[in-house]
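# I'll drop the sequence and a predicted model, then ask my questions.
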Amino acid sequence: ECLQRSVRLSDSDCILWKLQKDFYKDVGPQAWTEGIVPNYVSSNSFIAQCYAKVILEFANEWYTGKIDGLPDMSEPIYILELGAGSGKFSFLLVTQLLQLCEYFPANLDTALRGFPFRVVVTDVARKNLEFWFSHSKLKPLFDRGFLDAALLDAENIGEKIVLVSGKIISVETLKNPIV
């Protein structure tokens, strides 16, 4: 019996949450490639374009000093996607951000000019990370440094996130805000 009041599903005594988490770990990218999990509503170019415009405007305000803080012109803004699944949304987001690159601030460090972001795809399923690094559309984005990844359980993030590249994201290491 799974009837409890005022408790998040992940905190309940119900086995449903564990079964769902285990499903994603076991099935990996096949959950999306075989159409088992619907994803169009959260992974389409329209949604990615909307997010890209909001992120771009935030970046412009951050790097030009319109938002309180001290931007580090040599460091990217990290965009963290929790539970990235197939990686489709991150691919679409990077694609949209690259199309909007002419609107990025011009006063950035040469290494960041044109793309002051690092999109970090994360998932609890190791199979998904393996899929991303071998995918013909995602691999070039990893190779160019637009994408990074982390094996991460979004329920238990902890004090730091260790990326596949070796970079550590934490309160101590971040120079710019995280999205």
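Arrived safely.
# hey, let's count contacts and neighbours off CA atoms from now on
Fine.
# Lowest mean pLDDT among the helices and strands of this protein, which one is it?
Ranking every helix and strand in the chain by mean pLDDT, DSSP states H and E puts helix 30-33 at the bottom, with a mean of 74.
# isn't there a helix covering Ile47?
Yes. Under DSSP: H, G, I helix; E, B strand; the rest coil, Ile47 falls within a helix.
# next one: the longest strand seen in the chain to chain centre, how far?
Secondary structure of the chain per DSSP state E: the longest strand is strand 117-123. Computed by C-alpha atoms, centre = their mean, to the nearest Å, the chain-centroid distance of strand 117-123 equals 4 Å.
# right, and the helix or strand after it?
Per DSSP states H and E, the first helix or strand lying C-terminal to strand 117-123 is helix 126-134.
# contacting residues around the closest residue to Ala154 other than its chain neighbours?
Ranked by C-alpha to C-alpha, 6 or more residues apart in numbering and with sequence neighbours excluded, the top spatial neighbour of Ala154 is Leu82, at 6.2 Å. Contact partners of Leu82, counting by C-alpha atoms under 8 Å, 6 or more residues apart in numbering, are Val121, Thr122, Asp123, Leu152, Ala154.
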